[in-house]
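Student: my questions concern the predicted model and sequence given below.
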There are 2 protein chains.
Amino acid sequence: MNRDEAIDLLKQKGYKATGKRKDILWFFEEADGYRTAKDLTRFMENNYEGISYDTIYRNLHLYHDVGILEATELNGEKHFRMNCTKHHHHHFICKDCGKTKEIAVCPMDDVINALSNYTIEDHKFEVYGLCPACKTA
Amino acid sequence: MNRDEAIDLLKQKGYKATGKRKDILWFFEEADGYRTAKDLTRFMENNYEGISYDTIYRNLHLYHDVGILEATELNGEKHFRMNCTKHHHHHFICKDCGKTKEIAVCPMDDVINALSNYTIEDHKFEVYGLCPACKTA
DNA sequence: TTACAAATCGTAATCATTACGATAATATGA
DNA sequence: TCATATTATCGTAATGATTACGATTTGTAA
């Protein structure tokens, strides 16, 4: 998902595309990886002095709810990134810079058979480490 | 790992096997699944009125550090369970009762080749849903 | 342009977790 | 067994991320 698609989705769902909301989208588009609420706050404060926590967290939740952002938990903090809705896949996540790389493998096909009498609602497969850039830095 | 093995490990590493520590092990052995610090606190308060947060969290960290407990993050709270050190595997985790079922599949072999210029430090594969007992309850 | 719903502000509250000085308990060697 | 050093625990306050809310401002559609 890119910024324009996200703005269209927002409007389509009856939400307003405010300046702050557009900037939040810009931030995540540029980030190209996982970022925390604190990261976003730091960025937003450059453009909007005294921006409220309420605004940060309300919009993060909104974007997550409508599918613009996806979330995961790293070191006890929620991290967000632009949602890739095109097809189901998982991520390698760099512990240094938060950038991600798509992983083609999804093991769920094998798992579903082995858990026939369980109700599967969700799953998480993530690989952590250092990306080539951070590895040599 | 069971309680006795855990106590041996503690002593071997120079830690004292106090009554509270033994009770914490008993709690996790009985639990047979993931539990939070709050769950443990509730249990411990029955036996030790006014037990300190310090004791709860210090021992959870200690047990995690020496490998008696393993941890994961569910709904923004750290959860702990007895560590299964026998062999590498992953878990189905019941969202209701926290109990786990071993999953034989590990997709990392396929992944390692696809990420040859990345440094892989860790990975997480978890499946969430309802176990047969909670499903019918 | 007006009106109204939605968004934001400013700030306090909450919740899990961490920290720390003072006190108590445990293991071990005499 | 007893003394003692070391570790564990207590009691409580602090921290840090997140949530909450009444008052105010802003965007959007008519």
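Tutor: Arrived safely. As the structure is a prediction and not an experimental result, all values here were calculated from the model. Residues are numbered from 1 along each chain as shown, chains lettered A, B, ... in the order given.
Student: now do the contacts for the residue nearest the centre of chain A.
Tutor: Centroid-nearest residue in chain A: residue A:81, 2.1 Å away (criterion: C-alpha atoms, centre = their mean). Contact analysis of residue A:81 by C-beta atoms under 8 Å, 6 or more residues apart in numbering or on different chains lists A:28, A:31, A:32, A:33, A:34, A:35, A:69, A:70, A:98, A:100. Glycine gets a C-beta too; all of them are placed from N, C-alpha and C.
Student: which among the residues you listed count as buried?
Tutor: A:28, A:31, A:33, A:34, A:35, A:69, A:70, A:98, A:100 (16 or more other C-beta atoms under 10 Å in any protein chain shown).
Student: show me what the third one is bridged to.
Tutor: Yep, that's residue A:33 we're talking about. residue A:99 (DSSP bridges).
Student: I figured it was touching residue A:94, is that so?
Tutor: Yes - counting by C-beta atoms under 8 Å, residue A:94 is a contact partner of residue A:33 at 7.1 Å.
Student: so what sits against both of these two?
Tutor: With C-beta under 8 Å, 6+ apart as the test, residue A:33 and residue A:94 both reach residue A:100.
Student: on that earlier part again, list just the nearest of the contacts of residue A:81 to residue B:112.
Tutor: residue A:100 (17.2 Å; C-beta to C-beta).
Student: helix, strand or coil for the nearest residue to the closest one once chain neighbours are set aside?
Tutor: Excluding the flanking residues, the one nearest residue A:100 by C-beta to C-beta, 6 or more residues apart in numbering or on different chains is residue A:91, at 4.3 Å. Using DSSP: H, G, I helix; E, B strand; the rest coil, the structure places residue A:91 in strand.
Student: on that earlier part again, now tabulate the contacts of residue A:81 in a markdown table and tack on pLDDT and distance to residue A:130.
Tutor: Formatted as a markdown table, the contacts of residue A:81 follow (pLDDT from 0 to 100; distance: C-beta to C-beta, whole Å):
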| residue | pLDDT | distance to residue A:130 |
| --- | --- | --- |
| A:28 | 96 | 22 |
| A:31 | 93 | 18 |
| A:32 | 89 | 16 |
| A:33 | 95 | 13 |
| A:34 | 97 | 14 |
| A:35 | 97 | 18 |
| A:69 | 96 | 24 |
| A:70 | 95 | 22 |
| A:98 | 94 | 12 |
| A:100 | 96 | 13 |
